[in-house]
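**Q** Got a sequence here, can you build the structure:
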Amino acid sequence: MNSSFVIGIVTILFALLLGTQTTELPAVAKRMPVLLIWLVVILAAMMIVEEFMKWRTARRSAVIAPIDPDEVLLPVNWLVLVSFGAAIIAYVALIPIAGYLIVTPLFITGSLLVSRTMSAHLAVVIGALATAFIWAVFIWALNLPVAVLPILK
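**A** Numbering: from 1, shown residues only. A predicted model of the protein is given here:
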């Protein structure tokens, strides 16, 4: 059995477990978590279906080119994993101090620059657009109490 099947099933079970935590929320507050839970369940189900289709295609063409169902995974890059985890902890810790509008674009842009997946200009544009989108959804539309700029208070 491929690990994608297991990950998909565990993801669905975890999302449904999180769904049980929303039962005591008011109907309006329940909308966003339920929407995200359904989105995760649908994406995990699509992952399972995709792996099943790959397995079926490989099984049909097994006479020509046998494919190992257990793909070899690359080793975990612990330095990158730990440094990114530390950056997330720093991000959460700095929002109440410096504010969302300062910390979020720095975190997103910095992560993209460190990963070296794109140019610096594009990383800054994506950081600004992602910050604006997240602000529009969580602060403007949902009126969540986020420290936008604590310096101004």
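
**Q** Tell me how far the residue positioned nearest the centre of the chain lies from residue 103.
**A** Centroid-nearest residue in the chain, with CA atoms, centre = their mean: residue 40, separated by 9.9 Å. As for residue 40, its distance to residue 103 is 26 Å (criterion: CB to CB, to the nearest Å). The C-beta positions use only the backbone N, C-alpha and C, and glycine is treated the same way.

**Q** before we move on, back to that, can I assume the residue nearest to the centre of the chain is in contact with residue 15?
**A** Yes. Using CB atoms under 8 Å, residue 40 is in contact with residue 15, at 4.4 Å.

**Q** sorry, back to before: check contacts around the residue nearest to the centre of the chain.
**A** Under the criterion of CB atoms under 8 Å, 6 or more residues apart in numbering, the contact list for residue 40 reads 11, 12, 15.

**Q** Need the nearest residue in space to the second one, chain neighbours excluded.
**A** Same thing as residue 12. Computed as CB to CB, 6 or more residues apart in numbering, the closest residue to residue 12 that is not its neighbour in sequence is residue 44, at 4.8 Å.

**Q** Quick one: residues contacting that neighbour.
**A** Neighbour list for residue 44: 7, 8, 9, 11, 12, 15 [criterion: CB under 8 Å, 6+ apart].

**Q** Can you give me the buried ones in the biggest helix by length in the chain?
**A** The helix of greatest length in the chain, counted in residues with DSSP state H as the criterion, is given as helix 27-60. Going by neighbour count (16 or more other CB atoms under 10 Å), the buried part of helix 27-60 is 32, 37, 40, 41, 44, 47, 48, 51, 55.

**Q** I am finished for the moment; much appreciated.
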